[in-house]
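> coords please:
(one chain, ligands or ions: 1)
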Amino acid sequence: MAAKVEKTNEEIFRQMEETSIKLMEEFKIQDSTSKSRGYICGGGFTYKLVPVGQPAPDDDSLVYTTQPQGCDPEAGMVECVLQNSAAKKELVEYPGYPAPIPREADSPASCPYRIVEIPSKGLGMVAARDLHFGELIISERPLMITPQRTIHSIKWMDSATPRQKQEAVYFESEKIHKVALERMEPEDKEAYMQLYNSHKHDGSGPIVGISRTNAYGVFALQGDEYGGVFKDASRINHSCSPNTFRHFDRLSLSMQMYAVREIKEGEEITAHYCDPLSPYAARRKALKPYGIRCDCPACLNPAKSDKIRYRISCVKDAIPAIVKWAGNPKLPDDLLLGPSLELLKLMEDEGLQASKAYERVLYHLFLIYSALTIIGTYELSEMNIYQHKWIQLQTFRLCTREDACVQLLTDAMQVGFAAQRRSEVTMKDEPKCD
Ligand SMILES: C[S@@+](CC[C@H](N)C(=O)[O-])C[C@H]1O[C@@H](n2cnc3c(N)ncnc32)[C@H](O)[C@@H]1O
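As a prediction, the model looks like this:
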């Protein structure tokens, strides 16, 4: 097969422009994009310029807005393309918005990561020092936020061919992104255009290509999903056994990534681009648009790994079962402990600590150990291990420790009362020595 000629971003865009000029002449489409700051509303190729400080018209025009205004400017500003003014209202009127980005209270002065070349993966992120479970690795605002589905509003002429339609959609989508890019500060614009583009050969323009390669899902507004492209976090490569957990904080318009296990200095920091619990074939399909042929241990041995991942994906809420077991002295003390510990080990061996299932099993183990502590089989210290880990995972979602403790105490009390009854019944049944 002949090697593909690598085109520069400028070449791709020039080529799109030539095609689009022909299309615009043919279909009499008007182009009036504007580069002004403030925000611009537009549908398709026509935009209305709205001066800074004035509300967006209450219609379905696109809204360009630089956010968040006047809060934690050192953390950077985000160029947002929103589907309509209702989406902007939903974003900025959210209670508590805007807020400063979360930072580690006692974080060491040095940055916990470095961006370096990773063999066969391009650039990537590695730990600059040993990182511990729960450490905040990065807290960053995106450079740009855009809707995840292709934005265009072209009204088709009956005579347009599917190819012409596709070209027009790519071109319009690129132009919409270009307006946002032109509104960015020069250094942010440069950082954006330096990011990797895995969509150089499918007709997509460079700005959209970079967004499709690098955007993480951030939030939904008015039912539309949005993606954010980051200067540093977008350099993180994919793994089917990621060592980070990520959360997007709407109030500060920033994403946090935490270590979900110990990460050694120099080790690569990874994230998931697709659901790690899905089977190998589904992961492979989802990773194809990124040009990734994953060679992680799970992808190299899918027969074994698919079985394990399927089992983990079936982990359900077992709190009612734990309460029942705790209150039934006829059931053995170790009925739930062994299987739960085995499941936790399986997840750790498979590197799935970032999954919801891991959190769930930690919680189950906390409840099981709290019952066993009351029954008198175990020391409090066993229970504490799981309790601390679970609370730490809750704080990743910026849930306060207090809120996490309230949930934990409510469930622990239920299990505790059941276990108390169990030990009373057991004591009554015990043969008397005298
Ligand atoms: C979001 S970027 C990640 C940073 C990128 N490596 C760079 O140089 O900027 C996604 C691209 O990185 C590469 N990549 C990410 N994870 C990979 C993996 N596990 N194996 C091989 N390539 C990977 C692919 O080229 C993919 O399209």
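> doesn't residue 312 make contact with residue 355?
Yes. Residue 355 sits in contact with residue 312 when judged by Cβ atoms under 8 Å, with a separation of 6.7 Å. The C-beta positions use only the backbone N, C-alpha and C, and glycine is treated the same way.
> Nearest spatial neighbour of whichever residue of the stretch 51-200 of the chain sits closest to the ligand, chain-adjacent residues omitted?
When you check the stretch 51-200 of the chain against the ligand by Cβ to the nearest ligand atom, the closest residue turns out to be residue 122, at 2.7 Å. If you skip the residues right next to it in sequence, residue 122 has residue 196 as its closest partner in space, 5.6 Å away by Cβ to Cβ, 6 or more residues apart in numbering.
> That neighbour - how many residues pack around it?
Here the neighbour count serves as a burial measure; for residue 196 (other Cβ atoms under 10 Å) it reads 16.
> likewise residue 126?
Residues lying near residue 126 (other Cβ under 10 Å) number 16.
> Also residue 347?
Taking other Cβ under 10 Å as the criterion, the count of residues near residue 347 is 23.
> Give me the buried positions along the helix or strand harbouring it.
Residue 347 is located in helix 337-350, with elements delineated by DSSP states H and E. If you call a residue buried by 16 or more other Cβ atoms under 10 Å, then helix 337-350 has these buried ones: 337, 340, 343, 344, 347, 350.
> next one: stretch 135-147
Within stretch 135-147, the residues that qualify as buried are 135-147, counting by 16+ other Cβ under 10 Å.
> hmm, it in reach of the ligand?
No. Where contact is defined by Cβ under 6 Å from any ligand atom, no part of stretch 135-147 touches the ligand; the two come within 12.6 Å at best.
> try stretch 287-304
Yes. Looking at stretch 287-304 against the ligand by Cβ under 6 Å from any ligand atom, the contacts come from 290, 291, 292, 294.
> Any quick ChimeraX command for the buried ones out of those residues?
Only the buried entries of the residues of stretch 287-304 next to the ligand go into this ChimeraX selection, using 16+ other Cβ under 10 Å:
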select :290,292,294
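> Pull the most distant pair out of the residues of stretch 287-304 next to the ligand.
The most widely separated members of the residues of stretch 287-304 next to the ligand, counting by Cβ to Cβ, are 291 and 294 (11.0 Å).
> Closest one of the residues of stretch 287-304 next to the ligand to the ligand?
Once Cβ to the nearest ligand atom is applied, the member of those that ends up nearest the ligand is residue 290, at 3.6 Å.
> Was I right to think that closest one contacts residue 215?
No. At 11.3 Å, residue 290 and residue 215 do not qualify as touching, with contact defined as Cβ under 8 Å.
> Which of the helices or strands spans the closest residue to residue 279 other than its chain neighbours?
The shortest distance from residue 279 to any residue other than its chain neighbours is 4.8 Å, reached at residue 306 (Cβ to Cβ, 6+ apart). Assigned by DSSP H and E, residue 306 belongs to helix 302-313.
> That helix packs against which elements?
Using 3 or more Cβ pairs under 8 Å, 6 or more residues apart in numbering; DSSP states H and E as the contact criterion, the neighbours of helix 302-313 among helices and strands are helix 280-287, helix 297-300, helix 337-350.
> Distance to residue 225 and mean pLDDT for these - can I get that in TSV?
What follows is the helices and strands packed on helix 302-313, written out as TSV (distance: least, Cβ to Cβ, whole Å; pLDDT from 0 to 100):
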stretch	distance to residue 225	mean pLDDT
helix 280-287	15	97
helix 297-300	27	95
helix 337-350	28	96
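> Return the residues of the stretch 151-300 of the chain in contact with the ligand.
For the stretch 151-300 of the chain, the contact set with the ligand under Cβ under 6 Å from any ligand atom comprises 195-196, 198, 213-214, 234-235, 237-238, 290-292, 294.
> Closest one of those residues to residue 284?
Closest to residue 284 out of these is residue 294 (7.3 Å), distances taken as Cβ to Cβ.
> Residue 171 is in contact with residue 208, correct?
No. Applying Cβ under 8 Å, one finds residue 208 not in contact with residue 171, separated by 9.7 Å.
> more crowded one of these two?
Between residue 208 and residue 171, counting by other Cβ under 10 Å, residue 171 is the more crowded of the two (27 against 23).
> Determine the set of other helices and strands touching the helix or strand that contains that one.
Residue 171 is part of helix 162-183, with elements assigned from DSSP H and E. With contacts defined as 3+ Cβ pairs under 8 Å, 6+ apart, the packing partners of helix 162-183 are helix 9-27, strand 39-43, strand 62-67, strand 78-82, strand 144-147, helix 186-193, helix 206-214.
> Check the ones you listed for me: which has the lowest mean pLDDT.
Summarising mean pLDDT across the helices and strands packed on helix 162-183, the least confident stretch is strand 39-43, with a mean of 38.
> In this protein, which helix is the longest?
Across the chain, the longest stretch assigned as helix under DSSP state H is helix 401-429.
> So what's the gap between it and the chain middle?
Going by Cα atoms, centre = their mean, to the nearest Å, the spacing between the C-alpha centre of helix 401-429 and its chain's C-alpha centre is 35 Å.
> List the buried residues in that helix.
Applying a neighbour-count criterion of 16+ other Cβ under 10 Å, the buried positions in helix 401-429 are 404, 408, 411, 412, 414, 415, 416, 418, 419, 422.
> Ok, stretch 80-88 next?
80, 81, 82, 83, 84, 85, 86, 87, 88.
> and what of stretch 166-184?
By 16+ other Cβ under 10 Å, the buried positions in stretch 166-184 come out as 167-181, 183-184.
> was I right about residue 404 contacting residue 397?
No. In this structure residue 404 lies outside contact range of residue 397 using Cβ under 8 Å: 9.4 Å.
> for stretch 281-300, how far is the first residue from the last?
Across its full length, stretch 281-300 reaches 12 Å between end residues, using Cα to Cα, to the nearest Å.
> So residue 133 is in contact with residue 260, correct?
Yes. The pair residue 133 and residue 260 qualifies as a contact (Cβ under 8 Å) at a distance of 6.7 Å.
> Comparing those two, which residue is more hemmed in?
Just comparing residue 133 and residue 260: by other Cβ under 10 Å the higher neighbour count belongs to residue 260, 24 against 16.
> Residue 217 contacts residue 148, doesn't it?
Yes. Distance between residue 217 and residue 148: 6.8 Å, which falls inside the contact criterion (Cβ under 8 Å).
> Could you name every residue contacting both of the two?
Overlap of the contact sets of residue 217 and residue 148 (by Cβ atoms under 8 Å, 6 or more residues apart in numbering) consists of 225, 226, 227.
> Tell me the spacing between the residue nearest to residue 216 when sequence neighbours are not counted and residue 395.
Leaving out its chain neighbours, the residue that sits closest to residue 216 by Cβ to Cβ, 6+ apart is residue 228, at 5.8 Å. In this structure, residue 228 lies at 22 Å from residue 395, with Cβ to Cβ, to the nearest Å as the measure.
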